[in-house]
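> Okay, sequence plus prediction incoming.
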Amino acid sequence: MVESDVNYSNIWLLNGKKVIIAKTLKQISEIVKDAPFVRVNRKTVLNINHIEKYTGSDEAQLSNGLKISFSRRRASLAHIQINQYLSSQF
């Protein structure tokens, strides 16, 4: 998961640690645009491979235990991207 913090971004790793980098979330989104990442709210980009629980509601639980809420504005596009990626995996 990548979470914005003004002009920095926090990258959350599987082991619970976070790495801070001097890039905005928009810059990160451009870097990972071809990878399985989806922006779910104004502060968060998720790695689809690490979503453990996703029921199509406005929340996802990641493999590191964090629960992330989707914004109303981004939820529908995020659901489409997640479902397309998951269906292409089978």
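Ah, there it is.

> Can you show me the strands along this protein?
Secondary structure of the chain (DSSP state E): strands located at 2-5, 8-12, 18-21, 37-41, 44-47, 51-54, 59-62, 67-69.

> Dump those to CSV, plus mean neighbour count.
The way it works is simple: take the backbone N, C-alpha and C, and place the C-beta from them, glycine included. Converted to CSV, these look like this (neighbours: other Cβ atoms under 10 Å):
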stretch, mean neighbour count
strand 2-5, 18
strand 8-12, 17
strand 18-21, 11
strand 37-41, 22
strand 44-47, 22
strand 51-54, 15
strand 59-62, 18
strand 67-69, 13
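
> Ok, which of those comes nearest L86?
Across the strands of the chain, the minimum distance to L86, taken as Cβ to Cβ, is reached by strand 51-54, at 8.3 Å.

> picking up where we left off before, looking at the strands of the chain, which is nearest to S76?
Here strand 37-41 is closest among those (Cβ to Cβ), at 11.1 Å.

> other SSEs contacting the closest one?
helix 25-31, strand 44-47, strand 67-69, helix 72-88 (3 or more Cβ pairs under 8 Å, 6 or more residues apart in numbering; DSSP states H and E).

> Need the residues that contact it.
2, 25, 29, 45-48, 60, 68-71, 74-75, 78, 81-82, 85 (Cβ atoms under 8 Å, 6 or more residues apart in numbering).

> let's see 7 Å
Under the contact criterion Cβ atoms under 7 Å, 6 or more residues apart in numbering, strand 37-41 has outside partners 29, 45-48, 68-71, 74, 78, 81-82.

> next one: stretch 50-60
Outside stretch 50-60, the residues that reach it (Cβ under 7 Å, 6+ apart) are L46, Q61, L62, S63, K67, I68, S69, F70, A75, H79, I82.

> What residues sit buried inside stretch 71-90?
R74, A75, A78, H79, Q81, I82 (16 or more other Cβ atoms under 10 Å).

> Fine by me, we can end here.
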